[in-house]
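> have a look at this prediction, sequence included:
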Amino acid sequence: MRAKFNNTINYAKFIFKREIFSSVIWLFIILSLTVVVAFAFSNMFGGSRDDMIGMAETMKNPAMVAMVGPVYGIDNECIQECHNIFPDEIYQICPGDELAVALGLELDICINPQFLECRIPCYDEYNDSVMYAQMMLVFIVITVAIMNIFLVVNHTRKDEENGRIELIRSLPVGRLSNLKATMIIALIVNLTLTVIITFGLYLTGMDGMSLSGSFLYGSSLGVSGLLFASIAALFAQVASTSRGALSYSFITLGVLYLLRGVGDVSLELLSYISPLGLILRTEIFYTDNWYPIWIVLGLAIIIAIIAFYLNHKRDLGAGLIPAKPGKKEAGNLLKSPMGLTLTILKATIIGWAITIFIAGASYGSIYGDIETFIGDNEMLQQVFLNNMDFTFAEQMTVTLMVISAVLVTIPVLICLLRLRTEENKGRLEQIYAKPVAKKKMLINHIIVAIACSIDFVLLFGFGLWIAAATVMAEPISLGTVLISGIVYLPAIWVMIGLGTLLIAYLPRWSGLIWGFLGFSFFIVYIGNMLNLPEWLNYLIPFSLIPMVPVEPINWFPLIILTIIALLMMIIGVNKYNKRDLLNN
């Protein structure tokens with residue numbers, strides 16, 4: 001058995017040398033994001049407890065719970081004298097006014113609150129650190145998961161697909177050494193992440209920040225990373241290609257996130273089934289529960305063992321789900337460059353179409369809870385209904401659609417960057433040896449990406465509307481939902497244009513587009529809550545789109561963004577047609 005792990009340590013050193021640069025970049029980004037946002041949270045409320053409590057109340061609405069998880073730290077009730085809670089200028093509370101509703105008081109007459117004992121939620125233990133953990137943990141966990149998925153797939157299935165592992169096995173290297181060495185590096189990376197996040201977060205000195213809580217936060221990220229490293233290792237054995245392994249891993253991440261979102265809003269059992277939901281039950285900086293950490297760690301170990309077993313049983317280069325053999329003769333579709341492009345991307349397009357439709361339906365299913373939550377609370381109606389001409393469902397759709405636009409951009413860029421993958425593997429040389437213009441292949445991928453952007457936006461909108469219509473007494477109109485999403489198409493096309501420029505001018509750095517998309521997601525996800533500088537919104541196209549239907553359609557930014565996108569595509573296509581293929 002030892003022979004199967006022969007030279008694992010040397011193999012791990014080899015992987016470490018290849019991985020150190022990208023891992024350091026990932027860790028730096030995660031640490032910087034963690035620390036910068038922590039400092040922003042410290043200054044968000046300027047010491048105002050009233051503002052913090054108001055934010056806590058708004059985070060209890062189902063839409064926010066579906067996005068970031070349940071609110072904790074305000075479960076208990078306190079009996080305090082009202083004149084100690086509220087400013088001195090409040091002399092009386094009257095039936096039905098905002099204060100009476102907030103306190104849950106049923107009054108027949110106005111009363112003097114000076115000596116009134118009020119039973120209200122306790123906020124004594126609710127502080128900046130608790131709110132930070134609630135809002136940021138799931139977002140950072142997803143980022144860590146993506147890092148680990150790429151790390152494991154790149155050094156297992158991708159190396160196997162490119163023939164590197166076959167070459168290495170010609171040396172005295174064990175059959176399972178590759179997977180073990182990769183998991184060792186993943187363990188080192190996640191342990192390093194745990195340590196730097198623990199001390200980086202603790203040194204921010206945020207209100208309520210403790211070393212034990214910081215360590216739990218870092219450990220939550222570390223074990224989540226190990227879990228998704230194991231999941232990626234498992235799918236590296238199941239799929240026969242690196243693209244398949246990545247797709248299965250990311251779909252699993254998306255499904256677990258959706259399960260957590262639906263579970264946190266409606267059925268808590270689903271949250272306990274999803275590891276992402278379990279991690280949020282740590283209640284960091286409040287109760288500091290460690291049991292979810294051990295459960296997720298145990299699950300990661302079990303999945304890793306299964307991955308090792310499957311790696312031992314399968315043949316090199318094969319997967320448990322074999323690639324379908326091609327036809328003996330090419331069909332009419334494969335006889336044209338566009339047909340070839342569609343054939344290559346067919347599985348990706350279908351898989352993401354289903355995922356996006358389900359995501360839209362999942363968000364639509366919480367609209368009924370939102371109506372009930374807001375409808376029973378006059379204070380929250382004043383907070384959320386910024387424009388009384390529109391329902392809360394319509395205003396909430398604005399928030400969901402900007403997030404969906406970022407989500408849709410992921411498969412759109414995957415379709416575009418597939419050309420770079422084919423170039424990296426040396427397959428384009430065979431195509432360009434035929435009478436096929438280089439620019440034609442890039443144009444084909446751009447056309448497919450644009451078509452997918454339109455289809456996916458509509459699919460998300462249809463999924464959201466269908467689910468919302470089944471749970472709402474007065475459903476939001478289909479036209480409102482679709483228009484709210486369609487206006488983001490120019491922003492998605494700008495991302496396609498940026499990707500085209502990178503493929504043409506910086507092909508080896510085309511992956512930078514993912515970093516920019518991640519930055520865009522951060523800005524639209526929590527940028528407004530953190531009161532970040534307004535000029536940051538001008539750096540990303542998604543923030544320039546009018547918030548329809550709350551705002552009227554402003555055609556100027558839509559036209560300008562579309563023109564910019566077209567110019568970038570034209571410049572990129574011309575440059576790509578002139579440059580040589582990279583010699584890999």
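Structure's in. What do you need? Numbering: from 1, shown residues only.
> model confidence for residue 473, exactly?
Note for residue 473: predicted pLDDT of 74.
> for it, what are phi and psi?
Per-residue torsions, residue 473: phi -70, psi -40 (degrees, to the nearest 10).
> and for residue 162?
Here residue 162 shows phi and psi, under degrees, to the nearest 10, equal to phi -90, psi 0.
> once you drop chain neighbours, what's closest to it?
Of all residues not flanking residue 162 in the chain, residue 425 sits nearest, at 7.4 Å (Cβ to Cβ, 6 or more residues apart in numbering). In short, each C-beta sits where N, CA and C put it, glycine included.
> just residue 344 next, same as before
Per Cβ to Cβ, 6+ apart, closest to residue 344 is residue 418, 6.4 Å.
> next structured bit after the helix or strand harbouring the one you found?
For residue 418, the element it lies in under DSSP states H and E is helix 392-424. Counting by DSSP H and E, the next helix or strand C-terminal to helix 392-424 is helix 428-432.
> what's that next one packed up against?
The elements that helix 428-432 packs onto, with contact taken as 3 or more Cβ pairs under 8 Å, 6 or more residues apart in numbering; DSSP states H and E, are helix 438-471.
> distance from the helix it packs on to the middle of the chain?
18 Å (Cα atoms, centre = their mean, to the nearest Å).
> got the angle for it vs helix 392-424?
150 degrees (axes from the mean of the first three to the mean of the last three Cα atoms, to 10 degrees).
> give the buried residues for helix 438-471.
Neighbour-count burial for helix 438-471, counted by 16 or more other Cβ atoms under 10 Å, picks out 438-446, 448-450, 452-469, 471.
> hang on, the earlier thing: hang on, the residue nearest to residue 344 packs against residue 347?
No. Between residue 418 and residue 347 there is no contact under Cβ atoms under 8 Å: 11.3 Å.
> who's more crowded, those two?
residue 418 (18 against 14; other Cβ atoms under 10 Å).
> check contacts around the more buried one.
Contact partners of residue 418, counting by Cβ atoms under 8 Å, 6 or more residues apart in numbering, are 341, 344-345, 348, 445.
> now the strands: where do they sit in this structure?
77-81, 117-121 (DSSP state E).
> put the alpha carbons of stretch 416-428 into PDB.
Output of stretch 416-428 as PDB, limited to C-alpha atoms (Å, rounded to 0.1, in the frame of the first residue of the first chain):
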ATOM      1  CA  LEU A 416     -16.200  33.400 -24.400                       C
ATOM      2  CA  LEU A 417     -13.000  32.200 -22.700                       C
ATOM      3  CA  ARG A 418     -13.500  28.700 -24.100                       C
ATOM      4  CA  LEU A 419     -11.600  29.900 -27.200                       C
ATOM      5  CA  ARG A 420      -8.600  30.700 -24.900                       C
ATOM      6  CA  THR A 421      -8.800  27.200 -23.500                       C
ATOM      7  CA  GLU A 422      -8.800  25.700 -26.900                       C
ATOM      8  CA  GLU A 423      -5.700  27.800 -27.800                       C
ATOM      9  CA  ASN A 424      -4.000  26.700 -24.600                       C
ATOM     10  CA  LYS A 425      -4.500  23.100 -25.500                       C
ATOM     11  CA  GLY A 426      -3.100  23.500 -29.100                       C
ATOM     12  CA  ARG A 427      -6.400  22.600 -30.800                       C
ATOM     13  CA  LEU A 428      -6.800  25.900 -32.700                       C
END
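> how about residue 444: what's its closest non-neighbour residue?
Per Cβ to Cβ, 6+ apart, closest to residue 444 is residue 341, 4.4 Å.
> run a quick neighbour tally on that neighbour.
Neighbour count for residue 341, taken as other Cβ under 10 Å: 21.
> can you list the low-confidence ranges for the stretch 251-400 of the chain?
Residue ranges of the stretch 251-400 of the chain with pLDDT under 70: 323-331, 368-391.
> spatially central residue in this protein, please.
residue 142 (5.5 Å; Cα atoms, centre = their mean).
> that residue against residue 260, yeah?
No. Applying Cβ under 8 Å as the test, residue 142 and residue 260 come out as separate, 10.7 Å apart.
> care to break the protein down by domain?
Following automatic domain parsing, one gets these domains for the chain: 1-74+129-321, 77-121, 333-584.
> ranking those domains by mean pLDDT, which is last?
Mean pLDDT is lowest for domain 77-121 among the domains of the chain, at a mean of 55.
> leaving out sequence neighbours, find the closest residue to residue 276.
Nearest to residue 276 is residue 260, by Cβ to Cβ, 6+ apart, at 4.4 Å.
> ok, the one you found touching residue 269?
No. Residue 260 is beyond contact range of residue 269, at 11.4 Å (criterion: Cβ under 8 Å).
> quick one: which of these two has more around it?
residue 260 (25 against 10).
> how about that one, what does it touch?
Contacts of residue 260 by Cβ under 8 Å, 6+ apart are 69, 138, 270-271, 274, 276-277, 280.
> quick check: it vs residue 65, distance?
10 Å (Cβ to Cβ, to the nearest Å).
> and if you look at residue 172?
Going from residue 172 to residue 65 by Cβ to Cβ gives 54 Å.
> compare these two (neighbour count), which wins?
Using other Cβ under 10 Å, the more surrounded residue of residue 172 and residue 65 is residue 65, with 22 against 10.
> just checking, that one touches residue 266?
No. Between residue 65 and residue 266 there is no contact under Cβ under 8 Å: 9.9 Å.
> circling back: residues touching the residue nearest to the centre of the chain, list them.
Residue 142 touches 253, 257, counting by Cβ under 8 Å, 6+ apart.
> and if you look at residue 420?
503, 507, 510.
> ok, 10 Å please
Counting by Cβ atoms under 10 Å, 6 or more residues apart in numbering, residue 420 touches 428, 442, 445, 499, 502-503, 507-508, 510-511, 582.
> buried subset of those?
428, 442, 445, 499, 502-503, 507, 510.
> in CSV: those, plus distance to residue 317.
Listed next are the buried ones among the contacts of residue 420 as CSV, based on distance: Cβ to Cβ, whole Å:
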residue, distance to residue 317
428, 22
442, 30
445, 27
499, 31
502, 31
503, 29
507, 27
510, 27
